[in-house]
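# Task: produce atomic coordinates for the following.
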Amino acid sequence: MGETDIQGKISRCGDELARTALYEAAHTLLVRSQKWSSLRAWGMKIARHRGMARARVAVARKLAVILHRMWSDGSQFRWGKDPANGATAAA
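The predicted structure follows:
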């Protein structure tokens with residue numbers, strides 16, 4: 001019998017509670033938050049083209065990458081783009 005290789009599913013690697021928290025944070029950022037951020041704008045662009053479920057997963061992954069970077073170098077979360085150096089600016 002042949003095997004089916006399904007593409008585009010959420011990996012179940014890592015802590016389930018961490019994945020759940022990231023997914024819920026992404027949902028809140030995209031749906032409930034009224035404050036603009038470059039991350040929200042990026043996620044809404046994905047939602048328009050690929051659907052809200054995929055956008056939530058993409059934003060959750062990006063949040064994980066941002067959090068890891070913040071923990072690694074001790075930086076603060078910044079809401080928008082900083083025109084001076086191309087990085088995100090402090091709120």
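
# so what's the residue lying closest to Leu29 once chain neighbours are set aside up against?
Nearest residue to Leu29 in three dimensions, chain neighbours excluded: Arg40, at 5.5 Å (C-beta to C-beta, 6 or more residues apart in numbering). In short, each C-beta sits where N, CA and C put it, glycine included. Taking C-beta atoms under 8 Å, 6 or more residues apart in numbering, we find Arg40 in contact with Leu29, Leu30, Ser33, Val59.

# among these, which ones are buried?
Neighbour counting with 16 or more other C-beta atoms under 10 Å marks Leu29, Leu30, Val59 as buried within the contacts of Arg40.

# Columns distance to His49 and secondary structure on top of these, output as TSV?
Formatted as TSV, the buried ones among the contacts of Arg40 follow (distance: C-beta to C-beta, whole Å; DSSP: H, G, I helix; E, B strand; the rest coil):
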residue	distance to His49	secondary structure
Leu29	18	helix
Leu30	14	helix
Val59	14	helix
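
# Which strand or helix spans the residue nearest to Leu29?
Taking DSSP states H and E as the definition, one finds Arg40 inside helix 38-50.

# quick one: that helix to chain centroid distance?
Between the mean C-alpha location of helix 38-50 and the chain-wide mean there is a distance of 10 Å, by C-alpha atoms, centre = their mean, to the nearest Å.

# So what's the model's average confidence on it?
Mean pLDDT, helix 38-50: 94.

# swap in stretch 74-85?
Here stretch 74-85 scores 67 as its mean pLDDT.

# Look at the residue nearest the centre of the chain and report its pLDDT.
Taking C-alpha atoms, centre = their mean as the criterion, Val59 is the residue nearest the geometric centre of the chain, at 2.0 Å. On the pLDDT scale, Val59 is placed at 95.

# What of the one 3 residues further on?
Model confidence at Lys62, given as pLDDT, is 93.

# Confirm for me that it is in contact with Ile46.
No. Using C-beta atoms under 8 Å, Lys62 makes no contact with Ile46, being 9.9 Å away.

# who touches stretch 11-28?
Contacting residues not belonging to stretch 11-28 are listed as Ile10, Gly43, Ala55, Arg56, Val57, Ala58, Val59, Ala60, Arg61, Leu63, Ala64 [C-beta under 8 Å, 6+ apart].
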